[in-house]
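K.L.:
sequence and predicted model, in that order:
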Protein chains: 2
Amino acid sequence: MNERQGGPTVHKAQSIASEVRRRIVEREWRQGDRIPDEAELAVEFDVARSTVNKALQLVADEGLLDRRRRAGTRVAVNPARKATFSIPIVREQIEQAGMAYSHRMVTQRRSPVPAQVAVRLGLPEGEILLHLRTVHYGDGKPIQLEDRWINPHAVPRLEQADFRRINANEWLVRNYPYLRAEFGFSAENANRRDARLLQTRQGQALLIMHRTTWSDLGPITTVRIAFQPGHFVGTEDATERSPSRQGNAQQ
Amino acid sequence: MNERQGGPTVHKAQSIASEVRRRIVEREWRQGDRIPDEAELAVEFDVARSTVNKALQLVADEGLLDRRRRAGTRVAVNPARKATFSIPIVREQIEQAGMAYSHRMVTQRRSPVPAQVAVRLGLPEGEILLHLRTVHYGDGKPIQLEDRWINPHAVPRLEQADFRRINANEWLVRNYPYLRAEFGFSAENANRRDARLLQTRQGQALLIMHRTTWSDLGPITTVRIAFQPGHFVGTEDATERSPSRQGNAQQ
DNA sequence: TATACCAATATGTCTAGACTTATTGATGCG
DNA sequence: CGCATCAATAAGTCTAGACATATTGGTATA
């Protein structure tokens, strides 16, 4: 009972997942169809059931399959719905574009959160948080403008940080891992302050990105980032989960 | 050699992953630290090594850990960088907001792709694709405007679809699963046509979403969606991979 | 007819053991 | 001192088997 030889690390699960994707994409298995169960596929591909299980979980995580106990595995009716984001850290992003990075802190003070921000953070209005406004520059030209609120209760030693030297984004990322994040995008016509800080004209369409992060100590920070006109924020990938880790995020 | 009793389906891997996250977040393990190897943790938590492996892979996929063969597992220096997107299908989105959905096809014709679009699709300029312009309405008011190119080579039976009855988004999603997708956001001041179709004024800041999808037959479709002024597109989650599947995407 | 219950089933999860492979760190050589 | 080589290590993957549990569909009961 031990007639193995080839040995693992050959990604059988990955190949099975690919084959499953192929059958779905080429319509051998149609949307809504029940596919053969794990045991059958294990026989077909000549692998252990757990290997099939792993493969199907991969594909299901991508959204192409729906799996339910006892009910079996079906080809998803609304397939492939996830996309993973990969957003460079401001400084890296700017430096990777071959520009010299710098930043300027425009505001730093403790003040009561306005209602709108409190909602994003899930905190009561009026709580005293640290409020920062920072402009990030590439070769001296403004690239993005961030308006940030930091929750001191979730960020011990916040006082010790000098945000004129290291920007809040980097400091938080390096020191305060988060467990959950929410992103959002919208567009706004530049108001007077945005226009001034980004050195553009009022009314210019700006891409606005909101981001809020949490650890188990509560909300860490929420930011509103206004990008230079014309800026494009792209995601990479979707669906096909890569086994390797990569990417970045701003906090 | 068989003294088990409690039995699985208790998510030991998940609990271990949570504990690992906790140690990272609470800085018992600092950024850059090497953590105990799988065998040690298996002893500590009294589980099989493969269970620890699974737990650590989960956390590594979230970005909190970096793992390398022989080198061991370290707490990531730039942690937690992924966010998964979950975007409702237009019609569902509008209906879920309690509005009556309708759509209107403004343009439908085959024409040569302009250079800009060809680049997004990775096709030669001038290829003949199907070009559609559609406005989606909620309670009769324009919600979003999509400008779409569809590649007939990746979409068999394209002729048989009647996009006046079912919108392209839904038709594609139901029939043509994709394997890869790219998203992007930007902001533009509404031009004359955008303004007319969205019933707003020129110059208004519009959130623009670009999306391109591929199957193994090549690029399927690329869309530029212009949202009604004030529209907000949010992502959900990040990091903490949920074992269940959910969410939606537009094609 | 509606409900409660039960057996069968397919997936979910874990274990213990084995083999594979990238990478490190030490050793020996030119 | 720089470089090639090699053994040890830690993660990566797979297997076979077991138990867990949600769901289904049928059967018996009120």
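P.N.:
Ah, there it is.
K.L.:
C-alpha only now, for contacts and for neighbours.
P.N.:
Will do.
K.L.:
so residue A:201 sits against residue A:193, correct?
P.N.:
No: taking contacts as Cα atoms under 8 Å, residue A:201 lies outside contact range of residue A:193: 9.9 Å.
K.L.:
neighbour-wise, which of the two wins?
P.N.:
Between residue A:201 and residue A:193, counted using other Cα atoms under 10 Å in any protein chain shown, the more crowded position is residue A:201 (16 against 11).
K.L.:
and the more buried one, what does it touch?
P.N.:
By Cα atoms under 8 Å, 6 or more residues apart in numbering or on different chains, the residues touching residue A:201 are A:190, A:195.
K.L.:
looking at this, it is in a helix?
P.N.:
No: the secondary structure assignment for residue A:201 gives coil rather than a helix, going by DSSP: H, G, I helix; E, B strand; the rest coil.
K.L.:
quick one: it and chain B, what's the gap?
P.N.:
12 Å (Cα to the nearest Cα, to the nearest Å).
K.L.:
and for residue A:51?
P.N.:
For residue A:51 relative to chain B (Cα to the nearest Cα), the value is 13 Å.
K.L.:
swap in residue A:227?
P.N.:
Taking Cα to the nearest Cα as the measure, residue A:227 and chain B are separated by 9 Å.
K.L.:
was I right to think that residue contacts residue A:205?
P.N.:
No: counting by Cα under 8 Å, residue A:205 is not a contact partner of residue A:227; they are 9.6 Å apart.
K.L.:
wait, residue A:152 touches residue A:127, no?
P.N.:
No: contact between residue A:152 and residue A:127 fails when scored by Cα under 8 Å: they sit 10.4 Å apart.
K.L.:
tell me the secondary structure at residue A:54.
P.N.:
Following three-state DSSP, the label given to residue A:54 is helix.
K.L.:
list the contacts for residue A:227?
P.N.:
A:143, A:144, A:145, A:206, A:207, A:208.
K.L.:
that one bridge partners, please.
P.N.:
For residue A:227, the beta-bridge partners are residue A:144 (DSSP bridges).
K.L.:
so how far is residue A:185 from it?
P.N.:
Residue A:227 sits at a distance of 11 Å from residue A:185 (criterion: Cα to Cα, to the nearest Å).
K.L.:
list residues touching both of these two?
P.N.:
Common contact partners of residue A:227 and residue A:185 (Cα under 8 Å, 6+ apart): A:207, A:208.
K.L.:
tell me where the stretch 151-251 of chain A has strands.
P.N.:
With DSSP state E, counting those that start in this stretch as the criterion, the stretch 151-251 of chain A has strands at A:180-189, A:205-215, A:218-227, A:233-234.
K.L.:
now those strands as CSV including mean pLDDT and distance to residue B:29?
P.N.:
Listed next are those as CSV, based on pLDDT from 0 to 100; distance: least, Cα to Cα, whole Å:
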stretch, mean pLDDT, distance to residue B:29
strand A:180-189, 90, 19
strand A:205-215, 93, 15
strand A:218-227, 96, 19
strand A:233-234, 86, 32
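K.L.:
and DNA strand C, which of those strands is closest to it?
P.N.:
Nearest of the strands of the stretch 151-251 of chain A to DNA strand C, taken as Cα to the nearest atom of the strand: strand A:180-189 at 20.0 Å.
K.L.:
angle of the closest one against strand B:218-227?
P.N.:
In terms of direction (axes from the mean of the first three to the mean of the last three Cα atoms, to 10 degrees), strand A:180-189 departs from strand B:218-227 by 60 degrees.
K.L.:
kindly export strand A:180-189 (C-alpha atoms) in PDB.
P.N.:
The C-alpha trace of strand A:180-189 is given here as PDB (Å, rounded to 0.1, in the frame of the first residue of the first chain):
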ATOM      1  CA  ARG A 180     -10.100  44.500   7.500                       C
ATOM      2  CA  ALA A 181     -10.300  47.300   5.000                       C
ATOM      3  CA  GLU A 182     -12.900  49.000   3.000                       C
ATOM      4  CA  PHE A 183     -12.300  51.000  -0.200                       C
ATOM      5  CA  GLY A 184     -14.500  53.200  -2.200                       C
ATOM      6  CA  PHE A 185     -14.200  55.400  -5.200                       C
ATOM      7  CA  SER A 186     -16.100  58.500  -6.300                       C
ATOM      8  CA  ALA A 187     -15.500  61.600  -8.300                       C
ATOM      9  CA  GLU A 188     -15.700  65.200  -7.200                       C
ATOM     10  CA  ASN A 189     -15.200  68.600  -8.800                       C
END
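K.L.:
does it reach chain B?
P.N.:
Yes: contact of strand A:180-189 with chain B (Cα under 8 Å from any Cα of the partner chain) involves A:180, A:181, A:182, A:183, A:184, A:185, A:186, A:187, A:188, A:189.
K.L.:
that strand packs against which elements?
P.N.:
Contact partners of strand A:180-189 among helices and strands, from 3 or more Cα pairs under 8 Å, 6 or more residues apart in numbering or on different chains; DSSP states H and E: strand A:205-215, strand B:180-189, strand B:205-215, strand B:233-234.
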